[in-house]
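Asker: Need coordinates for the following:
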Amino acid sequence: MNHRFIGDVAVGEIGLGGMPMSIEGRPDEARSIATIHAALEVGVTLIDTADAYHRDADEVGHNEVLIAKALATYGGDTGEVLVATKGGHLRPGDGSWTLDGRPEYIKGAAKASATRLGVEAIGLYQFHRPDPHVDYADSVGALRDLLDEGVIRMAGISNANADQIRLAQQILGGRLASVQNQFSPAFRSSQAELELCAELGIAFLPWSPLGGIARASTLGGKGAAFERIGAELGVSGQQVCLAWELSLAPVVIPIPGASRPASIQDSARAVDITLTDDQIRELNA
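Answerer: Next comes the predicted model:
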């Protein structure tokens, strides 16, 4: 793959979202590790995770531990692999999600994530989701402190609006590396944030870029045009979807989730697809 970079974040590529390998319906560990190894084999260098990617209450950081094990057992070079993790979102173990954006919590969570990942400093650490009970500036201030302390090498935010992106960039002194928001053919409400990231030179990581785990086969019910163009090109509609997202701005890194080697191998081939201007216009519509 041909990588462009913002900071140390590779853009113009496909990343791997680790969540499906750790939540409800997850595969066994052997298949999960095989999926991560398959991603590395096809040149994926960004793996997305979070301490909240787990199923049961007593296994916080399940996905982080899984990724660390997969990297340690991979026979090839992993020196260029960037693991991006997140904190501030919690799963009590009953399927629900809660929030904790307190600075002291985020700092402790980051250090715990570093331990689980087996690294001295986390490559990219992102504040998972705004906590309405905590001033956003205070939460992002924790990222600034983690950067200054060397606990993390790069800082990002997730599920953020345009005002929060600008505020985070200000608080971090221009060091905001990434924004991870939901974006797909069926969910385009983060278009403004994507465009702002392109303007500011910040990596934009669409999560659920294929419409979500349960709806990826139909791209969230919006897959007809993508499937038609895919048939013309001899590729899957999912590959066309990811190629379309890559075409929107040079800072975009889609991070489709996967729990089977074949899924991430199919997704990674999207970087080799060149869509025409007419095709992009049709998909934009």
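
Asker: Look up phi and psi at the residue in the chain sticking out farthest from the centre.
Answerer: When distances to the mean C-alpha position of the chain are computed (Cα atoms, centre = their mean), the maximum falls on E232, with 29.2 Å. When quoted as degrees, to the nearest 10, the phi and psi of E232 stand at phi -60, psi -40.

Asker: The closest residue to E195 other than its chain neighbours: neighbour count?
Answerer: Computed as Cβ to Cβ, 6 or more residues apart in numbering, the closest residue to E195 that is not its neighbour in sequence is A249, at 7.2 Å. All C-beta spots, glycine's among them, are computed from the backbone N, C-alpha and C. The local packing count at A249 equals 16, with neighbours defined by other Cβ atoms under 10 Å.

Asker: ok, A249 - contacts?
Answerer: Contact criterion Cβ atoms under 8 Å, 6 or more residues apart in numbering gives L194, E195, C197, A198, F204 as the residues in contact with A249.

Asker: Got phi/psi on it?
Answerer: Geometry field for A249 lists phi and psi as phi -170, psi 150, criterion degrees, to the nearest 10.

Asker: repeat for S184
Answerer: Reported as degrees, to the nearest 10, the phi and psi values for S184 are phi -170, psi 170.

Asker: Point out where the stretch 1-150 of the chain drops to low pLDDT.
Answerer: With pLDDT under 70 as the threshold, the stretch 1-150 of the chain has low-confidence stretches at 1-12.

Asker: Quick one: the helices in it, in order.
Answerer: If DSSP state H, counting those that start in this stretch is used as the criterion, the helices of the stretch 1-150 of the chain fall at 29-41, 62-73, 103-117, 136-149.

Asker: show me where the stretch 51-200 of the chain has strands.
Answerer: Per DSSP state E, counting those that start in this stretch, the stretch 51-200 of the chain has strands spanning 82-87, 89-90, 98-99, 124-127, 155-158, 176-180. These are given in chain order.

Asker: Tell me how far I213 lies from S184.
Answerer: Applying Cβ to Cβ, to the nearest Å, the value for I213 to S184 is 12 Å.

Asker: Between those two, which is the more surrounded one?
Answerer: For I213 versus S184, the count of surrounding residues by other Cβ under 10 Å is larger for S184: 24 against 17.

Asker: what pLDDT does the residue farthest from the centre of the chain get?
Answerer: Listed pLDDT for E232 reads 96.

Asker: count of residues packed around P92?
Answerer: Other residues within reach of P92, judged by other Cβ under 10 Å, total 10.

Asker: go on, R55?
Answerer: 15.

Asker: show me the contacts for the residue nearest to Q126 when sequence neighbours are not counted.
Answerer: Distances taken as Cβ to Cβ, 6+ apart put G156 closest to Q126, at 3.8 Å, once the chain neighbours are dropped. Counting by Cβ under 8 Å, 6+ apart, G156 touches A84, L124, Y125, Q126, F127, L176, A177, S178, V179, Q180, A203, L205.

Asker: hmm, 7 Å instead?
Answerer: Contacts here follow Cβ atoms under 7 Å, 6 or more residues apart in numbering; on that basis G156 touches L124, Q126, L176, A177, S178, V179, Q180.

Asker: Next one: the last one relative to Q169, how far apart?
Answerer: Distance from Q180 to Q169, counting by Cβ to Cβ: 15 Å.

Asker: quick one: which of the two has more around it?
Answerer: Set side by side, Q180 and Q169 show more neighbours around Q180, with 29 against 18, by other Cβ under 10 Å.
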